[in-house]
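# Got a sequence here, can you build the structure:
(one chain, ligands or ions: 2)
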Amino acid sequence: MAKLFRAVIMGPPGSGKGTISERIAQRFGLTHLSSGDFVRENIAANTDAGVLAKTYIERGLLVPDHVMTRLLLPRLEEMTRHSWLMDGFPRTLAQAKALNSTCDLDLVISLNIPYETLKDRLSDRWIHPASGRVYNMGFNPPRVQGRDDISGEPLIHHDDDKPEALVARLRQYKDLAKPIINLYKSKGILHTFSGTDTDRIWPYINSLLSTKIPSTSQTDTQRIPMP
Ligand SMILES: Nc1ccn([C@H]2C[C@H](O)[C@@H](COP(=O)(O)OP(=O)(O)OP(=O)(O)O)O2)c(=O)n1
Ligand SMILES: Nc1nc2c(ncn2[C@@H]2O[C@H](COP(=O)(O)OP(=O)(O)O)[C@@H](O)[C@H]2O)c(=O)[nH]1
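Ligands and ions are numbered 1, 2, ... in the order given. Below you'll find the model as predicted:
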């Protein structure tokens, strides 16, 4: 069996984690694990952890480490036969340490995107809540304005994507991500990509991953929450 590949993608809100994860999943046939989608699924299904997580998210807070790790790590342990790319976890050093004790990561992608770019993108980000599909009115608009391409359902705009909320989210990201980035740097698995356009960053990520994993002809991989 081909060697399995485990990667994490990090970056501030709006940096393109979801967009780039989709491209990686499609090009290389990895499973895209979105911790945010998984949390939302648990909330929708009213699981114990979902009910608890909701009380934090409603207040604009991160879900505590022990809840996140309890949600995610057992699922990762079930993924022993899959190559995956995790988006949105770890968000704290404690989560990174817990992940470390579950699996050996091969690679970490860190996106470094200027504040003005994040602000512009997020003010224009529209989401299909049920699937997590993401649109941007300039970059990847939906075929019908305000409607998801596949289901035709309405798209929503998150309040915390407004510029007023972004500064605080960004500060929080920087504070929390710093020690995680240092940890991955010291392990020699960190790769940082900087720029204002996903389409210009993508070729570098593509060529890095091409040296690490074989590409597949798979074209129908979707953004899937944790199984
Ligand atoms: N490790 C994690 C992952 C998620 N969440 C919670 C807080 C988020 O608000 C929510 C949704 O996760 P997303 O990754 O979708 O959240 P964001 O909207 O914050 O991400 P971004 O703007 O970076 O796409 O789940 C969390 O507390 N801790
Ligand atoms: N204008 C523009 N928008 C982009 C680009 N890359 C991603 N986006 C959009 O920016 C928003 C944030 O991207 P997303 O992948 O959700 O970032 P995440 O928050 O890091 O997961 C979405 O609306 C994307 O469609 C880009 O290069 N240019």
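
# Near residue 191, how many residues? Count them for me, please.
Residue 191 has 15 neighbouring residues, counting by other CB atoms under 10 Å. Bear in mind the C-beta positions are built from the backbone N, C-alpha and C, glycine included.

# before we move on, what about residue 186?
Count around residue 186 with other CB under 10 Å applied: 9.

# heads up, I number from 28, so please use that
Understood, numbering begins at 28; the last thing we discussed is residue 213.

# next one: phi and psi at it?
phi -70, psi -20 (degrees, to the nearest 10).

# what sits against the nearest residue to residue 152 once chain neighbours are set aside?
Counting by CB to CB, 6 or more residues apart in numbering, residue 152 lies nearest to residue 188, which is 5.3 Å off, once chain neighbours are set aside. Shown in contact with residue 188 (CB atoms under 8 Å, 6 or more residues apart in numbering): 40-41, 149-150, 152.

# Most neighbours of all the residues you listed, which one?
Going by other CB under 10 Å, residue 41 tops these with 25 neighbours.

# where's that one relative to residue 191, distance?
14 Å (CB to CB, to the nearest Å).

# cool, and residue 94?
In terms of CB to CB, residue 94 sits 27 Å off from residue 191.

# same check, this time on residue 152
From residue 152 to residue 191 the distance is 15 Å (CB to CB).

# same check, this time on residue 174
27 Å.

# Just the element for residue 52, please.
helix 44-55 (DSSP states H and E).

# does ligand 2 sit close to that helix?
Yes: under the criterion of CB under 6 Å from any ligand atom, ligand 2 is reached by helix 44-55 at 44-46.

# Residue 94 and residue 191: who's more crowded?
residue 94 (19 against 8).

# how far out from the middle of the chain is the helix or strand hosting residue 67?
Using DSSP H and E, residue 67 sits within helix 62-71. Mean-position distance between helix 62-71 and its chain equals 13 Å (CA atoms, centre = their mean, to the nearest Å).

# Extract the C-alpha trace of that helix and format it as PDB.
Only the C-alpha atoms of helix 62-71 are listed here, as PDB (Å, rounded to 0.1, in the frame of the first residue of the first chain):
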ATOM      1  CA  SER A  62     -12.900  20.800  11.700                       C
ATOM      2  CA  GLY A  63     -15.300  23.700  11.400                       C
ATOM      3  CA  ASP A  64     -17.700  21.600   9.300                       C
ATOM      4  CA  PHE A  65     -17.400  18.800  11.800                       C
ATOM      5  CA  VAL A  66     -18.200  21.000  14.700                       C
ATOM      6  CA  ARG A  67     -21.300  22.400  12.800                       C
ATOM      7  CA  GLU A  68     -22.400  18.800  12.000                       C
ATOM      8  CA  ASN A  69     -22.200  17.900  15.700                       C
ATOM      9  CA  ILE A  70     -24.200  21.000  16.600                       C
ATOM     10  CA  ALA A  71     -26.900  20.100  14.000                       C
END
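
# I am finished for the moment; much appreciated.
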